[in-house]
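> Here's my sequence, what's the structure:
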Amino acid sequence: MEGSSLSPLLTAFFILFFQFSACMSSSSAAQTNTDYIKTSCLATTYPQLCYDSLSIYANKIQTSPKRLATTALSVAISSARSTLVSMKQLSKTHGLKPREAGAMKDCVEEVADSVDELHKSIGEMGHAGGPDFEFRMSNIQTWVSAALTDENTCTEGFAGRAMNGSLKTTVQRHINKVARLTSNALALVNKYASTHTPTSP
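Prediction:
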């Protein structure tokens with residue numbers, strides 16, 4: 001009776017042990033992934049924003065510099081698309097002064113260009129590798145840099161005290177966020193380009 005009752009207990013013990021071990025292993029891997037993101041984000045201008053926006057994708061990114069850069073680009077383009085919608089809505093605000101209307105028109109075009117450039121960058125990242133790695137990364141760096149320039153140019157149209165007001169404040173808030181995300185993405189793209197070799201995974 002003792003032997004027959006002991007066997008199920010041992011079986012249950014080993015099941016619980018392996019489940020615990022698997023859980024600890026998974027927890028350790030997750031910690032490694034988030035630590036990798038936090039360390040990598042130190043290379044960006046806005047490390048806290050970088051970590052906050054990317055750590056939720058830790059399981060997807062793991063410790064891959066390519067997936068990290070690609071995810072950062074995806075986060076940036078998502079913000080850029082949202083910003084574009086907001087800029088289009090703001091451009092239709094009734095009662096805009098002529099200078100405000102002109103600045104908003106330019107801003108919509110610039111953010112739209114930014115979305116297009118980030119979209120091309122993500123597509124090119126999917127092909128980065130092999131003998132043309134440096135060429136493709138150069139394209140990506142050029143496009144992301146251009147996207148950042150377009151975003152910053154948007155706020156230049158609101159320069160001067162004459163443009164002060166709620167519209168300017170709202171535009172700056174939206175643009176500052178997407179520009180910082182794009183800046184972080186560019187830093188991670190540059191980091192990937194500088195440390196990666198064509199034979200790396």
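
> Which positions in the helix or strand hosting residue 149 come out as buried?
For residue 149, the element it lies in under DSSP states H and E is helix 133-156. Across helix 133-156, burial judged by 16 or more other Cβ atoms under 10 Å covers 133, 136-137, 139-140, 143-148, 150-155. For every residue, glycine as well, the C-beta is placed using N, CA and C.

> measure the residue lying closest to residue 176 once chain neighbours are set aside to residue 36 for me?
Nearest residue to residue 176, sequence neighbours excluded (Cβ to Cβ, 6 or more residues apart in numbering): residue 155, at 8.0 Å. Look at residue 155 and residue 36: by Cβ to Cβ, to the nearest Å, they are 33 Å apart.

> how about low-confidence regions in the chain?
By pLDDT under 70, the weakly predicted segments of the chain are 1-30, 196-201.

> which residue is nearest the middle of it?
residue 72 (2.3 Å; Cα atoms, centre = their mean).

> Quick check: the gap between the closest residue to residue 91 other than its chain neighbours and residue 48.
Distances taken as Cβ to Cβ, 6+ apart put residue 104 closest to residue 91, at 3.9 Å, once the chain neighbours are dropped. According to Cβ to Cβ, residue 104 and residue 48 sit 30 Å apart.

> which of the two has more neighbours?
Between residue 104 and residue 48, counted using other Cβ atoms under 10 Å, the more crowded position is residue 104 (22 against 10).

> Now do the contacts for that one.
87, 90, 91, 93, 96, 157, 167, 171 (Cβ atoms under 8 Å, 6 or more residues apart in numbering).

> Look up how far residue 142 lies from it.
From residue 104 to residue 142 the distance is 27 Å (Cβ to Cβ).

> same check, this time on residue 78
21 Å.

> residue contacts, residue 184?
41, 44, 45, 46, 49, 50, 53, 72, 76.

> what's in contact with stretch 140-149?
73, 76, 80, 113-115, 117-118, 120-121, 124-125, 128, 179, 182-183, 185-186, 189-190, 193.

> likewise stretch 113-128?
Against stretch 113-128 from outside (Cβ under 8 Å, 6+ apart): 66, 69-70, 73-74, 76-77, 80-81, 84, 136-137, 139-140, 143-144, 146-148, 150-151, 178, 182, 185, 189.

> Give the buried residues for that stretch.
Within stretch 113-128, judged by 16+ other Cβ under 10 Å, the buried ones are 113-122, 124-125, 128.

> Inside helices: which ones of those residues?
113, 114, 115, 116, 117, 118, 119, 120, 121, 122, 124, 125 (DSSP state H).

> Quick one: work out the angle between the host helix or strand of residue 104 and helix 133-156.
Assigning secondary structure by DSSP H and E places residue 104 in helix 98-125. Per axes from the mean of the first three to the mean of the last three Cα atoms, to 10 degrees, the angle that helix 98-125 makes with helix 133-156 is 170 degrees.

> any idea how far helix 98-125 is from the chain center?
17 Å (Cα atoms, centre = their mean, to the nearest Å).
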